[in-house]
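Asker: 3D, please:
(chains A, B and C)
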Amino acid sequence: MTPPVVDVLPAIPALILAVTGLAVLLAQAFTPRGQAAPGAPFSLAGLLAALVAVYLLAARGGGDLGGTYVVDAFSLYFHALIIGVGLVVVLLSPSYLRATGIDRGEYYTLVLFSLVGMLGLVSCRELVSLFVSLEVMSVALYALAGLHRARPESQEAALKYFITGAFSSGFLLYGIALLYGASGSTSLVAVGAALRTPGPATAALATMGTGLLLVGFGFKVASVPFHMWAPDVYEGAPTTITALMSAGVKAAAFGALLRVFGQALPALAASWQPAVAALAVVTMVVGNLGALAQSNLKRMLAYSSVAHAGYLLAAVVAAPGIGVEAVLFYLVAYAAVNLGGFGALAALARQGREPLSLDDVAGLASRRPALAAALAVYLISLTGVPVSAGFVGKFFLFRAAVNAGWTSLAVIGVLMSVVSAYYYLRVVVAMYMREPLGEDAWAPVPPSAGLALGLSAAVVLALGVHPEPVLTWARLAARSLL
Amino acid sequence: MPSAAPSASYLTSHSAILAFLLVVVGFVAVNLVLWKIIRPSRFSEEKLTTYECGENPTGSAWIQFNIRFYVFALLFIIFDVEAVFLLPWAVVFREIGPLAFLEGLVFIAILAIALAYVWRKGDLEWVRTEDRQV
Amino acid sequence: MNALMEMPYQVVPFLVLALPLAGFTVLALFGDSIKRGKPYETTGAGYLACGTVIVAFLLAAWSVRSLLGLGVRAEDLRFAQPSLGWPPGDPERWPLAWISVGGLEIPFALLLDPLSSLLLLVVTGIGSLIHVYSLGYMAHDEDRVRYFSYLNLFTFFMLVLVLAGNLPLMFVGWEGVGLCSYLLIGFWFKKKSASDAGKKAFIVNRIGDAGLILGMIVAFHAFGTLDLVDIASNAGSLTPDRLGQVGAITAVCLLLFVGAAGKSAQIPLHVWLPDAMEGPTPVSALIHAATMVTAGVYMVARLAPLYHASPTASVVVAVIGAATALMAATIAMVQTDIKKVLAYSTVSQLGFMFLAAGSGAYGAAVFHLFTHAFFKALLFLGSGSVIHAMGGEQDIRKMGGLLKKIPVTGATFAIGTAAIAGVPFLSGFYSKEEILAGTLGAPALGPLLLGVGLFTAGLTAFYMTRLFVLTFLGRFRGDLETEHHLHESPMSMLVPLCLLAVGSIVTGWHWLIDVPGFLQPVFRLPEAHVHHVGWLMPAAIGVALAGIAVAAFLYTLYADVPARLKERLGGVYRVLDAKYGFDRAYDAFASRVVVGGSETLLWKGIDTSVIDRAVNGAGEVTAAVSRRVRLLQSGVVRGYALVILMGTVAILGYLMWPR
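Answerer: Numbers count the residues shown, from 1 in each chain, chains lettered A, B, ... in the order given. Here you go, the predicted model:
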């Protein structure tokens, strides 16, 4: 047996993040007790280096690590998105961590490890490594959700996320096992090839495996009925981590979903498409109606995140065609908006107090005009009003559904978007048309958070006005999946 | 590793396992029920106490354990798993050559970093240094 | 052509656009803190606003000079497209498609040709002077940071309008200047008449804009493109036997002219411009005399081949122009507010420009636009200087004899008056003569149009002389207090006046600047058919001098005659004073038909009883369902796992169901 030659280069971005995470961990360990290691600058440096590595990889035309970990245009697109999400989260974090008293170096380590998991999730072309990546991401997030040890809600979030997450991971793993049983391989390409000529027994196994995979991914993207953890976890987790979950995890999970269903399971599309469509419908309806009844802003955004999973699933139904590029584009728009939305809430936290209810943001426009304007931009984009990224994104999502013959999905999506205007714009109204209650309880917006929020708002508006470049990349990425 | 998709006969050949399972479960169930029927049931307080290798039991089993046990258990598992991974690695070490050595080194280095972290955090000592100082 | 030579087209137009926008952004974002800051910060804000426009002017001058140096012909009109990447201007790399929907591809393209470069120079050049003038005029207004930010924003949008390479982009500028006009007319919004005037301007312009939008839609339908050069060149190649297309051209021309009439205050949409004088006087000079109100003329000239292809539309344009010129001139004769006289004079002069454009003399129209920009800006700024000296008084009946008190203002005002009246050797004389000569080339009604033009020219000389005499000659008729405070304006106001006075004299000298010749290639027409009639020039000089003489005699020597005339011709006077009753008729229509109809039928009949009930009902149902959905979320993690399991069973059940 000759020693295999492995091209490590494609894994460099992930490796950079992993090594940075370890370095931050050691730095924290060797920092005297009571002090915080410079985790944020370390992480920023690592993330920027990883971004450069992604750029260089892209210039090199990607690569392939032994057939399991592949860096094609699709993964590069997600690499850039996930690392961008990481950058914004790290920029938002220092002030928030100080304000809530959980300023620990391990925070950044865990964030970086979860990012490594996400990178793996979108790059693995092999089911077992895909599962390992998923767990690397999830385990770090379980810990992060419970980082706020003094808050019972945070503990509750960590525990609920862990228990339900482990439960759904079981389904995912069982689905992988069944696919292996049906095809004799865990490589996506080999599974896809094997399923094209199924025998009577393997067809049943493969279909069942597909269903279980759908459950596993459905949990990660917070699709109804696997969404019930989301409101509790989004509410309890530190707000910056909520931002990471809603932007990063959702993107990575959709990436993996598209890759697995697009590369391994296109032969079964006729059976899984109606199932995904059904999920999309209940997710859009339940997510939006749930958000309508919320008074807590984080819970409201959590339900909104569920609802948006529904919109995205509507385009996944059209996945083999133009659905993929629509999903890819919307993930960028959606990531920018959610980072901004949760980031704005995080930036206002002061001494453990966070603005959580409508009353807490009443009259924000008169005290923090720039922040209120940015938050208004995010909410308007979530609603899907023109000249925002949300509008362009939703347009492409629903167009994909219509073109694939699922007009009913688009109709439900548009109707539900109308419903969503009520709860999004309610916040805008509170910020702009009500008087502030009591004295100024909000923190001054720290510069790094201001940079992060400005960046997100700029992305939202830029994509709304001129979506072409990102759309072109999304198209390239979608093409590489086929 | 079967390279082709498994056939129906491949699945039926596993029916032996099902038979085995039935025998195992049946054996236990039959015995439990049988003893329940034929044993005399005369309880006394002595007989109902917990068996602790002849010692007199003190207190209930429902007590809070020191959280430190948890950390140690975790550490134990980590190094246990390390051993599990290193064994197959050692088996194919010669065939793969220098690359295997490198990969093993990386694996052990990561664990070493974890160990260093735990050590610096004082979790290797039963009474942590910081706690002592207080 | 090397890259450096290409530079002006590809990059400079965007720089010119970016400068005022940058000025606006800075002033708008930091306006509040500047206002609360030290006095020198406010002054600095004004200097910043001026600086951006002056630098824009210099850049524009440079790029126009290079344009001239290259000897550009109509065939190689240049489009500047923004492009990311290097070298700048390589259109192969990242062309910024602005809108791309279906078959409609609209690039963010700017067009720099003789026509747009002339307007570019007017907007930035006269804009610079008016910005500088504003430094002095607005020195004591506490909101001047806001004022300068609006002025910069206006400059930006006006440049977008002028440089746009296609109709939609032009429309962006069109709406933008409309917005700025609204903001600046209502600048002193605490005064009710000012905010009302702003709203009036906005609403009247909406009517025009509806026409413009319809025109664009029909144009896209008919020509398949909205690119200005493409439309113009398509129109030239159409033949009369293709009736359908000629009909479409007429429709497009008339619809677009509705928009032009709104913006350029032509009958029946002229009513907003006189009211717009509620804004600060430099605004009246810049927006409501020199630049924005001429946008309609610019658009018609820009689409010259299109209008040329439709004689019907051309005659409509010419007749409306002539009627507006005559009507506004008659009203101006009886106005007593110095700015109102100038406002009606502007309406009248714009009518002249449309008269020329409708007669096919597009070069003359733009020529008059060019000269008018100078002398009308001069007159407005001069009136501002008078108002400044009079402590805010605008009634010419309370003025008189000001020439001695404020000599520089008086002298420059005299030059402006002479220029607009058509005194030989001043700019207005040449451009007006060109227009009158052009009227004979009209597709129909040529002699009638010429007659109206000549008569209106005489009226112009009359009312302008009346204005000058009442304001500057005779003895002072105001109170002592005001007389005591009469003072000449500061240098920042006088220097622009003097520069504009020079411009009002020389811009017509065709041996210096041959504007019609410079513009000729743009219109893509056969050699202009100007019918120079021998008696025309003496006649034009004659009516001008007659108008001046009559007014001078009436208002100096026989000062009691006007009052007697007013008594004798009471009916005529009342009609003129009521401005032919346009405002009253519109008010009656709006309050009876529109308000009444919408209140009873639309609001109570349809909105409240049908739409509201449906909307509220849908909302209530949604909220009720939402309350039920919320109950599903119990918070018990076992329940969550159970739901996951149920979902799994449902999916597997569906997938495995035998089919």
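Asker: okay, CA-based contacts and neighbour counts for the rest of this
Answerer: Will do.
Asker: tell me which stretches of the stretch 451-600 of chain C form helices.
Answerer: Using DSSP state H, counting those that start in this stretch, the helices of the stretch 451-600 of chain C run over C:480-485, C:491-506, C:515-523, C:536-552, C:561-568, C:570-577, C:582-588, C:597.
Asker: flag the shaky bits of chain C, pLDDT-wise.
Answerer: Applying pLDDT under 70 to chain C flags residues C:1-11, C:67-105, C:235-246, C:526-532, C:559, C:591, C:659.
Asker: just the CA coordinates for stretch A:216-227, please, in CSV.
Answerer: Extracted as CSV, the C-alpha positions of stretch A:216-227 are listed here (Å, rounded to 0.1, in the frame of the first residue of the first chain):
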residue,chain,number,x,y,z
GLY,A,216,-31.9,15.9,11.2
PHE,A,217,-31.4,18.8,8.9
GLY,A,218,-34.9,20.1,9.6
PHE,A,219,-33.9,20.3,13.3
LYS,A,220,-30.7,22.3,12.5
VAL,A,221,-32.5,24.8,10.3
ALA,A,222,-35.4,25.1,12.8
SER,A,223,-38.1,23.9,10.5
VAL,A,224,-41.6,23.1,12.0
PRO,A,225,-42.2,20.6,13.6
PHE,A,226,-38.5,20.3,14.7
HIS,A,227,-38.3,24.0,15.6
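Asker: what residues are up against residue 227?
Answerer: Defaulting to chain A. Neighbouring residues of residue A:227 by Cα atoms under 8 Å, 6 or more residues apart in numbering or on different chains: A:218, A:219, A:221, A:306.
Asker: if you could check chain C rather than the one you did, that'd help
Answerer: Here residue C:227 is in contact with C:106, C:165, C:166, C:167 (criterion: Cα under 8 Å, 6+ apart).
Asker: nearest to chain A, of the helices of the stretch 451-600 of chain C?
Answerer: Of all the helices of the stretch 451-600 of chain C, it is helix C:597 that lies closest to chain A, at 30.5 Å by Cα to the nearest Cα.
Asker: what's that closest one packed up against?
Answerer: Helices and strands touching helix C:597, as assessed by 3 or more Cα pairs under 8 Å, 6 or more residues apart in numbering or on different chains; DSSP states H and E, are absent.
Asker: burial of the residue in chain C positioned nearest to chain B, as a residue count?
Answerer: Relative to chain B, the nearest point of chain C is residue C:656 (17.8 Å; Cα to the nearest Cα). Using other Cα atoms under 10 Å in any protein chain shown, the number of residues around residue C:656 comes to 16.
Asker: and if you look at residue C:493?
Answerer: For residue C:493, using other Cα under 10 Å, the count is 24.
Asker: picking that back up, and which of the contacts of residue C:227 is nearest to chain A?
Answerer: Once Cα to the nearest Cα is applied, the member of the contacts of residue C:227 that ends up nearest chain A is residue C:106, at 12.5 Å.
Asker: host element of that closest one?
Answerer: Assigned by DSSP states H and E, residue C:106 belongs to strand C:104-107.
Asker: what's the first helix or strand after that strand?
Answerer: Next in sequence after strand C:104-107, counting helices and strands by DSSP H and E, comes strand C:110-112.
Asker: ok, now how distant is the residue nearest to residue A:430 when sequence neighbours are not counted from residue A:375?
Answerer: Closest residue in space to residue A:430, ignoring its immediate chain neighbours: residue A:362 at 4.7 Å, by Cα to Cα, 6 or more residues apart in numbering or on different chains. Look at residue A:362 and residue A:375: by Cα to Cα, to the nearest Å, they are 13 Å apart.
Asker: between the two, who's got more neighbours?
Answerer: Between residue A:362 and residue A:375, counted using other Cα under 10 Å, the more crowded position is residue A:375 (25 against 22).
Asker: wait, isn't that one in contact with residue A:340?
Answerer: Yes - counting by Cα atoms under 8 Å, residue A:375 does reach residue A:340; the two are 7.0 Å apart.
Asker: quick one: contacts for residue 477?
Answerer: As the question left the chain open, I've gone with chain A. Contacts of residue A:477 (Cα under 8 Å, 6+ apart): A:72, A:73, A:74, A:75, A:76, A:77, A:325.
Asker: think we crossed wires, I meant chain C
Answerer: Each residue near residue C:477 by Cα under 8 Å, 6+ apart is listed here: C:397, C:398, C:399, C:400.
Asker: residues near the first one, how many?
Answerer: Residues contacting residue C:397 under the criterion other Cα under 10 Å number 15.
Asker: ok, now the last one?
Answerer: By the measure other Cα under 10 Å, the count of residues near residue C:400 is 20.
Asker: doesn't it fall inside a helix?
Answerer: No - counting by DSSP: H, G, I helix; E, B strand; the rest coil, residue C:400 is not found in a helix; it is coil.
Asker: what distance do you get for it to residue C:477?
Answerer: Counting by Cα to Cα, the gap from residue C:400 to residue C:477 is 6 Å.
Asker: which residue lies nearest the spatial centre of chain B?
Answerer: residue B:77 (7.9 Å; Cα atoms, centre = their mean).
Asker: I'd like the next helix or strand past the host helix or strand of it.
Answerer: For residue B:77, the host element (DSSP H and E) is helix B:68-96. Note on helix B:68-96: by DSSP H and E, the next helix or strand toward the C-terminus is helix B:98-120.
Asker: that next one vs helix B:68-96, what angle?
Answerer: 170 degrees (axes from the mean of the first three to the mean of the last three Cα atoms, to 10 degrees).
Asker: now stretch A:294-303 - C-alpha only, PDB.
Answerer: Extracted C-alpha coordinates of stretch A:294-303, given in PDB (Å, rounded to 0.1, in the frame of the first residue of the first chain):
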ATOM      1  CA  GLN A 294     -44.500  37.400  20.900                       C
ATOM      2  CA  SER A 295     -43.800  40.300  23.100                       C
ATOM      3  CA  ASN A 296     -40.100  39.400  23.700                       C
ATOM      4  CA  LEU A 297     -37.900  40.700  20.800                       C
ATOM      5  CA  LYS A 298     -35.500  37.700  20.900                       C
ATOM      6  CA  ARG A 299     -38.400  35.200  20.800                       C
ATOM      7  CA  MET A 300     -40.000  37.200  18.100                       C
ATOM      8  CA  LEU A 301     -36.800  37.100  16.000                       C
ATOM      9  CA  ALA A 302     -36.500  33.400  16.800                       C
ATOM     10  CA  TYR A 303     -39.900  32.700  15.300                       C
END
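Asker: show me which residues of that stretch are buried.
Answerer: Neighbour counts using 16 or more other Cα atoms under 10 Å in any protein chain shown place A:294, A:296, A:297, A:298, A:299, A:300, A:301, A:302, A:303 of stretch A:294-303 among the buried residues.
Asker: hmm, residue C:436 is touching residue C:455, no?
Answerer: No - counting by Cα under 8 Å, residue C:436 does not reach residue C:455; the two are 10.8 Å apart.
Asker: neighbour count winner among the two?
Answerer: It is residue C:436, of residue C:436 and residue C:455, that has more neighbours when counted by other Cα under 10 Å, with 31 against 17.
Asker: helix or strand: which one has residue 55?
Answerer: As the question left the chain open, I've gone with chain A. Using DSSP H and E, residue A:55 falls in helix A:39-60.
Asker: nope, chain C
Answerer: Assigned by DSSP H and E, residue C:55 belongs to helix C:39-69.
Asker: got the residues of chain A near chain C?
Answerer: Counting by Cα under 8 Å from any Cα of the partner chain, chain A comes close to chain C at A:160, A:163-164, A:167-168, A:204, A:207-208, A:211-212, A:215, A:225-226, A:228-229, A:232, A:271-272, A:275, A:286, A:289-290, A:292-293, A:419, A:466.
Asker: now list the buried members of those.
Answerer: The buried subset of the residues of chain A next to chain C - by 16+ other Cα under 10 Å - is A:160, A:163-164, A:167-168, A:204, A:207-208, A:211-212, A:215, A:225-226, A:228-229, A:232, A:271-272, A:275, A:286, A:289-290, A:292-293, A:419, A:466.
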